[in-house]
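Novice: Mind folding the following:
(chains A and B)
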There are 2 protein chains.
Amino acid sequence: MSQASNITIAVDAMGGDHAPSVVIEGALAALEESGGRFSIHLVGQKESVGSELAKHPAPPAGTCTLTHASDIITMDDTPTAALKSKRDSSIAVGLTIHRDGKASAFVSAGNTGAVLSASTLILGRIPGVGRPTIGALIPTTTGKTLLVDAGANVDCRPHHLLEFAVMGSIYASAMLGKPNPSVGLLNIGEEDSKGNDAAREAYTLLASSKLNFTGNVEGRDVLYGAADVVVCDGFVGNILLKFGESIPAFLRMKFTEYASRSLKGKLVTLVARGRLRTVMKELDYQEHGGVPLLGVNGVSIIGHGGSTPKAIKNMILRAEEMVLRNVNAGIRDAIAQYS
Amino acid sequence: MSQASNITIAVDAMGGDHAPSVVIEGALAALEESGGRFSIHLVGQKESVGSELAKHPAPPAGTCTLTHASDIITMDDTPTAALKSKRDSSIAVGLTIHRDGKASAFVSAGNTGAVLSASTLILGRIPGVGRPTIGALIPTTTGKTLLVDAGANVDCRPHHLLEFAVMGSIYASAMLGKPNPSVGLLNIGEEDSKGNDAAREAYTLLASSKLNFTGNVEGRDVLYGAADVVVCDGFVGNILLKFGESIPAFLRMKFTEYASRSLKGKLVTLVARGRLRTVMKELDYQEHGGVPLLGVNGVSIIGHGGSTPKAIKNMILRAEEMVLRNVNAGIRDAIAQYS
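Specialist: This next block holds a predicted model:
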């Protein structure tokens, strides 16, 4: 299908452990899958990106442009220092292209902290948003749940948690097709008296909000889809997500250990491996195409350094979807009601 | 083996979802397994405990006594309120028996909050301990790791995290046979600049302590045995543990879903079920025999309400081990160095 949309996605060609090759591969796959719905604006070192592009069949004319950015922010760089010293980084240049309207979104699998800071700095915050937040989709037994904040904000005040809930609700309603998403507060018990100070105060704020707040959600409830949006600070969110990510490999090792012990073990593991892999993949939220930064004046999607071409492709497709579904207009309206 | 030890373990016969029957079964199994090494002092409503005991062969004379306690603190009771209104609860009476030296330890699968509060109140804290803590053993690819605090303290200051680390180290060294256990701080990145305020300050305290501090441990490192003792506040610890607990059932549901789809799925699931169950069991930290409360003047072990007889048995055996290994003397000495 070929729509006359004007959407261009700026892509950080230098972001990720295997940039630019993996990024180019993912970007071209996204272009192909979209069938001309959007175009891509690659940002990075002209030479290496160009030579990488040359390895692939050329995409349709006008669907893929390249802007040079001389600096590369590495995974080990300290975000704020890197943004100061590397002014011509692919992250800064890509976000500036987006801010200036030459792209509708920005996608990067580079240094998460740098993308976060630069997005807030360059795109600016939506009026009323104190803390932009990242939300991660996690698989549940009933579908998907958005965990917000997934690691952007480590010390949160109760009203920040409310903000995350508001932005997460808009995202879930626009992107997950849940008109009135349920919101749960990640906590250590069901009663409103449970939790640390921030959680207890956030409970009160959430309960008196217009959100579809369904109360506290315990760690054990998350995977059962207890709420469409689960709210927590980024310290807890990041630890929980990374713990969850580690489980597939942990179980794989346990199965392999078992397989090495006997022929029967080997057979069982061989037979079960396919299914195990499928279940594991569902747990791997990197596969789902990066995490959106919510609350900035723009669409910025952040992927893991280890993103595969498929993950890059999914990030780009998700960016397009966020633009098409006007997620930011929704956030702007919703936040205005609370500030 | 029959030693002339004078160890008596007080057991809350009314604690747990299926008390007293499950507790009695577990207690008798512990007695049998110990072969007379210790005796058990049951605490609970004389009538129901007695009639439950009568269903089993009588244990050797003198190995099992019973003290009446008229009140039962239920799982739904608010800990502090229940301790005030139900003064003759099995929890309060059992802990008093322990405090008065008529038992060397106390074990309960009852209301966790009530056992926590009552233990601190009745046994008192070891000098220098600000916050008694609970530690949970979690399985890793290399053995076991003690996560501390597992949910007792939700709002922690940096020196509390140091305290948890000190007590956790003593426990790991005495109970896991690790002479100089490595200690990691649960955090969202490896660098010392990472994390929320409490974590960053705790990092400094831990780094300048005499502990075998190996730095930050991320959520994804926990299951790989990155440290023998992983330190965090009880808010994060509780959420992480409960999340981990939910994974076996989540995976089981995913496999069942798969099985229902085809004959091949059914066969694969049938074949893999046994191994899956074994791996899952390892993840289920309830199986490992409750969690110890560290920092009180005594040995108090808390089990889940849903504890099986096996879990109750393991709790009792662990209590004996904590007594024999003089964990509290170790904690007393170690804490004295920091206060």
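Novice: What ranges does the stretch 1-150 of chain A have for its strands?
Specialist: Residue ranges of the strands in the stretch 1-150 of chain A, as given by DSSP state E, counting those that start in this stretch, are A:8-12, A:39-44, A:64-68, A:105-108, A:133-139, A:144-148.
Novice: Okay, domains of chain A per the record?
Specialist: A:1-129+A:295-325, A:131-288 (automatic domain parsing).
Novice: I'd like the average pLDDT over the shortest one.
Specialist: It stands for domain A:131-288. Average pLDDT, domain A:131-288: 88.
Novice: Just give me the longest helix of chain A.
Specialist: Secondary structure assigned by DSSP state H gives helix A:234-259 as the longest helix of chain A.
Novice: how far off strand A:133-139 does that one point, in degrees?
Specialist: Interaxial angle, helix A:234-259 versus strand A:133-139 (axes from the mean of the first three to the mean of the last three CA atoms, to 10 degrees): 30 degrees.
Novice: tell me which residues in helix A:234-259 are buried?
Specialist: Residues A:234-248, A:250-251, A:254-255, A:258-259 are the ones in helix A:234-259 that count as buried (16 or more other CB atoms under 10 Å in any protein chain shown). Just so you know, the C-beta spots here come from the backbone N, C-alpha and C atoms, and that holds for glycine as well.
Novice: close to chain B, is that helix?
Specialist: Yes: judged by CB under 8 Å from any CB of the partner chain, helix A:234-259 and chain B are in contact via A:234-236, A:238-247, A:250-251, A:253-255, A:258.
Novice: can you check stretch A:162-172 too?
Specialist: No: Stretch A:162-172 stays clear of chain B (CB under 8 Å from any CB), getting no nearer than 15.5 Å.
Novice: who touches that stretch?
Specialist: Under the criterion CB atoms under 8 Å, 6 or more residues apart in numbering or on different chains, residues A:129-131, A:133, A:135, A:146, A:148-149, A:156, A:178, A:181, A:183, A:185, A:202, A:205-206, A:209, A:211-213, A:228-229, A:231, A:292, A:294-295, A:327, A:330-331, A:334-335, A:338 lie in contact with stretch A:162-172.
Novice: circling back: in JSON lines, list the strands of the stretch 1-150 of chain A along with distance to A:Glu25.
Specialist: Putting the strands of the stretch 1-150 of chain A into JSON lines (distance: least, CB to CB, whole Å) gives the following:
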{"stretch": "strand A:8-12", "distance to A:Glu25": "12"}
{"stretch": "strand A:39-44", "distance to A:Glu25": "12"}
{"stretch": "strand A:64-68", "distance to A:Glu25": "13"}
{"stretch": "strand A:105-108", "distance to A:Glu25": "14"}
{"stretch": "strand A:133-139", "distance to A:Glu25": "23"}
{"stretch": "strand A:144-148", "distance to A:Glu25": "26"}
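Novice: tell me the mean pLDDT over stretch A:330-338?
Specialist: Mean per-residue pLDDT for stretch A:330-338: 94.
Novice: Around chain B, which positions in the stretch 51-200 of chain A sit nearby?
Specialist: Neighbours of chain B within the stretch 51-200 of chain A, by CB under 8 Å from any CB: A:Thr78, A:Thr141, A:Gly151, A:Val154, A:Asp155, A:Leu186, A:Asn187, A:Ile188, A:Gly195, A:Asn196, A:Asp197, A:Ala199.
Novice: Which pair in these has the greatest spatial separation?
Specialist: Pairwise distances across these peak at 39.8 Å for A:Thr78 and A:Thr141 (criterion: CB to CB).
Novice: Give me the buried positions along stretch A:82-102.
Specialist: Here stretch A:82-102 shows A:82-83, A:86, A:89-99 as buried, counting by 16+ other CB under 10 Å.
Novice: May I see those residues organised as TSV, with pLDDT and distance to A:Ala10 added?
Specialist: Putting the buried residues of stretch A:82-102 into TSV (pLDDT from 0 to 100; distance: CB to CB, whole Å) gives the following:
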residue	pLDDT	distance to A:Ala10
A:Ala82	91	19
A:Leu83	92	17
A:Lys86	95	17
A:Ser89	97	13
A:Ser90	98	9
A:Ile91	98	10
A:Ala92	98	11
A:Val93	98	9
A:Gly94	98	4
A:Leu95	98	8
A:Thr96	98	9
A:Ile97	98	5
A:His98	98	5
A:Arg99	98	10
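Novice: just checking, which of those belong to helices?
Specialist: Reading helices off these with DSSP H, I get A:Ala82, A:Leu83, A:Ser90, A:Ile91, A:Ala92, A:Val93, A:Gly94, A:Leu95, A:Thr96, A:Ile97, A:His98, A:Arg99.
Novice: so which of those residues comes closest to chain B?
Specialist: Nearest to chain B, judged by CB to the nearest CB, of those is A:Ala82 at 13.8 Å.
Novice: Excluding residues flanking it in the chain, which one is nearest that closest one?
Specialist: A:Ile73 (4.5 Å; CB to CB, 6 or more residues apart in numbering or on different chains).
Novice: Count the neighbours of the one you found for me.
Specialist: As a burial measure, A:Ile73 scores 28 neighbours (other CB atoms under 10 Å in any protein chain shown).
Novice: State the distance from A:Ser260 to chain B.
Specialist: To chain B, A:Ser260 is 13 Å away according to CB to the nearest CB, to the nearest Å.
Novice: What of A:Glu32?
Specialist: Taking CB to the nearest CB, one finds A:Glu32 at 31 Å from chain B.
Novice: same check, this time on A:Lys86
Specialist: 19 Å.
Novice: Provide a list of residues in contact with that residue.
Specialist: A:Asp71, A:Ile72, A:Ile73, A:Asp77, A:Ala92.
Novice: swap in A:Asn196?
Specialist: With CB under 8 Å, 6+ apart, A:Asn196 has these contacts: B:Val154, B:Asp155, B:Asp233, B:Phe235.
Novice: what about the second one, which helix or strand?
Specialist: Put plainly, it is B:Asp155. Assigned by DSSP states H and E, B:Asp155 belongs to no helix or strand.
Novice: returning to what we had before: of the contacts of stretch A:162-172, buried ones?
Specialist: Looking at the contacts of stretch A:162-172 with 16+ other CB under 10 Å, the buried ones turn out to be A:129-131, A:133, A:135, A:146, A:148-149, A:156, A:178, A:181, A:183, A:185, A:202, A:205-206, A:209, A:211-213, A:228-229, A:231, A:292, A:294-295, A:327, A:330-331, A:334-335, A:338.
Novice: Please narrow those residues to those residing in strands.
Specialist: A:Thr133, A:Gly135, A:Leu146, A:Val148, A:Val183, A:Leu185, A:Asn212, A:Phe213, A:Val229, A:Val231, A:Pro292, A:Leu294 (DSSP state E).
Novice: ok, what's across the strand from the second one?
Specialist: When you say that, I think you mean A:Gly135. A:Val148 (DSSP bridges).
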